[in-house]
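> A structural model of the following input is requested.
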Amino acid sequence: MSLMIIIKKNIIVTTPKSEIANSAYEAQECIKSGGGFYVRKLGKNRPKNLHAGSKVYYVEDGYIRGFGEVGSVVQKEFSCESTGKNWGLGWFAIITACSWKWIKPISMVGFQGYHYFDDKDVEVIGNWLDSKPKTE
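Numbering: from 1, shown residues only. Below is the predicted model:
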């Protein structure tokens, strides 16, 4: 029997300004229903070493705000149940809503796509039921 070692990496993505209101709405829908999932389209290629248990950090409005834990990574065509938006075919990270953690905001300029992210300096300050932390 061979032992398989799975290396997990975290990524960071940006919520486009045009999607900030939708993201807030989706979060409120999950809170109202007592759970659910957030879905992040990753593009045509799956990030290497992004697996269940990896974290997806989000930049929004110039700050890293928080992260959710990946439950699974799938390749399929996807439509959002909350907004009805069809995201088409691609790789998607499925993130359980209750895994969301707010962090002490870290200044960062947004970008397209994803980057790998080392989270050693991150300070968790809340969970999925808490309000979004204020920035200074």
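> ok, the residue most central in space within the chain - contacts?
With distances taken as C-alpha atoms, centre = their mean, the residue of the chain nearest its centroid is Val56 (4.1 Å). Neighbouring residues of Val56 by C-beta atoms under 8 Å, 6 or more residues apart in numbering: Asn10, Ile11, Ile12, Val13, Arg40, Phe67, Gly68, Val70, Ala93, Ile95. Every residue, glycine included, has its C-beta placed from N, CA and C.
> residue boundaries of the helices in the protein?
20-33 (DSSP state H).
> give me the below-cutoff pLDDT ranges for it.
In the prediction, the chain carries residues with pLDDT under 70 at positions 1.
> and the nearest residue to Gly68 once chain neighbours are set aside, how close does it get to Pro16?
Spatial nearest neighbour of Gly68, excluding adjacent residues (C-beta to C-beta, 6 or more residues apart in numbering): Ile95 at 3.6 Å. Plainly put, Ile95 is 17 Å away from Pro16 if you go by C-beta to C-beta, to the nearest Å.
> which of the two has more neighbours?
Per other C-beta atoms under 10 Å, whichever of Ile95 and Pro16 has more neighbours is Ile95, with 23 against 12.
> relative to Tyr57, how far out is that one?
11 Å.
> and Gly110, by the same measure?
Distance check for Gly110 against Tyr57: by C-beta to C-beta, it reads 12 Å.
> repeat that for Gly126.
On the measure of C-beta to C-beta, Gly126 and Tyr57 end up 15 Å apart.
> the two: which has the busier surroundings?
Shown here are Gly126 and Tyr57; by other C-beta under 10 Å, Tyr57 has more neighbours (23 against 15).
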